[in-house]
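Undergrad: output the structure for:
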Amino acid sequence: INAEYMGSVRHHFLWIRECWPRLDTFLSSFAVAYKRCPVEGPVDAVLLEGWCLGFQPIDPSALSDVRLVPVNEALRDFSARCYPFFDAFVIVEVDDVGVVYRWRLEAEQAMRAAGHDGMTDDEVALFVDTFMPAYRQYLPALYADGLTQRKLQFRIEPSRLPAPCSLHNSTAGAFDVTSPAPARVAD
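TA: Predicted structure coming up:
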């Protein structure tokens with residue numbers, strides 16, 4: 001998705017009939033294919049998911065891996081041209097980004113068990129290895145500094161369940177959300 005496409009969608013936000021790209025995750029051997037999914041409006045919100053959404057370019061001298069130089073340049077262009085179209089971000093944080101290997105492996109094993117093509121265990125490791133340097137480089141700043149847009153940021157456990165946390169409100173102090181919510185009484 002490029003800036004021109006996003007600008008077109010933003011311009012026609014109240015009534016759109018577009019074909020949105022969608023990654024076909026049932027392909028193996030690192031193949032990449034996008035399906036076109038028709039969407040008819042009016043729409044109130046558009047949610048985009050992407051492994052590097054929210055990453056910000058950094059000073060090239062601070063890069064930990066020379067392979068990130070082209071990634072950093074692409075982020076410079078993408079963040080300048082596309083992020084202004086985003087009203088808000090949802091940031092899902094993990095304590096150890098290495099859990100991504102396990103999650104991708106579980107997804108591929110489930111696809112194979114369901115009779116679809118899927119990457120082998122070795123292919124999963126190679127695939128995740130390709131983007132792990134970027135995760136390790138850019139996630140700490142995303143988690144700490146965030147973005148200028150509004151955001152909802154929360155942490156999940158390796159089980160993919162929300163992690164216990166405290167929410168802070170500038171006027172009311174901290175809210176403990178480590179215990180289950182009380183049962184709601186029906187009206």
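Undergrad: quick one: the strands in this protein?
TA: Counting by DSSP state E, the chain has strands at residues 17-23, 34-40, 88-94, 150-156, 166-169, 173-176.
Undergrad: of those, which shows the lowest average pLDDT?
TA: Here the lowest mean pLDDT among the strands of the chain goes to strand 173-176, at a mean of 41.
Undergrad: so what's residue 67 up against?
TA: Neighbour list for residue 67: residue 133 [criterion: Cβ atoms under 8 Å, 6 or more residues apart in numbering]. Placement of C-beta: from N, CA and C, glycine included.
Undergrad: go with 10 Å
TA: Residues near residue 67 by Cβ atoms under 10 Å, 6 or more residues apart in numbering: 130, 133, 134.
Undergrad: scan those residues and report the most crowded one.
TA: Greatest neighbour count in the contacts of residue 67, by other Cβ atoms under 10 Å, goes to residue 134: 18 neighbours.
Undergrad: what about the spatially closest residue to that one that is not a sequence neighbour, how many residues close to it?
TA: Of all residues not flanking residue 134 in the chain, residue 71 sits nearest, at 5.5 Å (Cβ to Cβ, 6 or more residues apart in numbering). Neighbourhood size, residue 71 [other Cβ under 10 Å]: 19.
Undergrad: ok, residue 71 - contacts?
TA: Going by Cβ under 10 Å, 6+ apart, residue 71 touches 52, 55, 57, 63, 65, 131, 133, 134, 137, 138.
Undergrad: of those, which is the most crowded?
TA: residue 55 (22 neighbours).
Undergrad: quick one, the longest helix anywhere in the chain and strand 88-94 angle?
TA: Identified as the longest helix of the chain according to DSSP state H is helix 121-145. Here the directions of helix 121-145 and strand 88-94 differ by 120 degrees (axes from the mean of the first three to the mean of the last three Cα atoms, to 10 degrees).
Undergrad: cool, thanks, signing off.
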